[in-house]
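Enquirer: Below are the sequence and a predicted model; questions follow.
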Amino acid sequence: MTEQQWCCGCMQWLPLEAFMVQSGVAGRCRSCRAEHLRQWRAANPEYVAAYNERRRIGIRERQYVTCGARFTAGKRCAGCRRQRKLEQRRRRREGAAVGEKAPASRSPENRVGRAAV
């Protein structure tokens with residue numbers, strides 16, 4: 001027999017899977033909790049708007065560690081990106097020269113549609 005709990009919202013015995021479990025089992029089932037929160041948000045729009053405004057960070061300016069250039073989200077320093085890519089290629093070439101196995105995505109047997117060399 002599955003364990004059940006009483007829902008204070010719909011006044012029914014429901015299986016535990018219908019309830020949220022965080023630090024304990026909630027008093028309302030998921031659907032009753034969602035409906036209660038929907039009604040509360042409709043009744044308190046000023047509080048919800050103020051809460052959302054405080055929660056939003058907005059556009060932040062950051063600084064690259066390597067070159068010190070400042071940027072905002074979505075914009076990248078082309079010089080740093082190019083330098084990082086060149087270093088990755090150099091490490092890949094050095095690893096292949098020493099005799100390390102190529103990454104799985106680069107190995108000839110994993111290439112689709114091409115004959116192994």
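Expert: Cool, got the structure.

Enquirer: Whichever helix in the chain runs longest: which residues count as buried?
Expert: Longest helix in the chain by number of residues (criterion: DSSP state H): helix 78-98. Residues Cys80 are the ones in helix 78-98 that count as buried (16 or more other CB atoms under 10 Å). (C-beta placed from N, C-alpha, C; glycine too.)

Enquirer: now the helices for the chain?
Expert: 30-43, 45-55, 78-98.

Enquirer: circling back: and the longest helix of the chain, what does it pack onto?
Expert: Applying 3 or more CB pairs under 8 Å, 6 or more residues apart in numbering; DSSP states H and E, we find helix 78-98 packed against no helix or strand.

Enquirer: Off-centre distance for it?
Expert: Put simply, helix 78-98 sits 28 Å off its chain's centre (CA atoms, centre = their mean, to the nearest Å).

Enquirer: Same check on stretch 43-54?
Expert: 24 Å.

Enquirer: so where's the protein shaky on pLDDT?
Expert: Applying pLDDT under 70 to the chain picks out residues 1, 58, 65-66, 73-76, 97-117.

Enquirer: Residue ranges of each domain in it, please.
Expert: 4-55, 61-98 (automatic domain parsing).

Enquirer: any chance of the helices of the chain in TSV, plus distance to Phe71?
Expert: Converted to TSV, those look like this (distance: least, CB to CB, whole Å):
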stretch	distance to Phe71
helix 30-43	36
helix 45-55	24
helix 78-98	10
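
Enquirer: Go through the ones you listed and name the closest to Gln63.
Expert: Proximity to Gln63 (CB to CB) singles out helix 78-98 among these, at 11.2 Å.

Enquirer: Distance-wise, check Ala18 relative to Arg28.
Expert: With the distance defined as CB to CB, to the nearest Å, Ala18 ends up 10 Å from Arg28.

Enquirer: and for the two, which residues touch both?
Expert: Counting by CB atoms under 8 Å, 6 or more residues apart in numbering, the contacts common to Ala18 and Arg28 are Cys7.

Enquirer: Please verify my assumption that Val48 contacts Arg41.
Expert: Yes: judged on CB atoms under 8 Å, Val48 makes contact with Arg41 at a distance of 5.2 Å.
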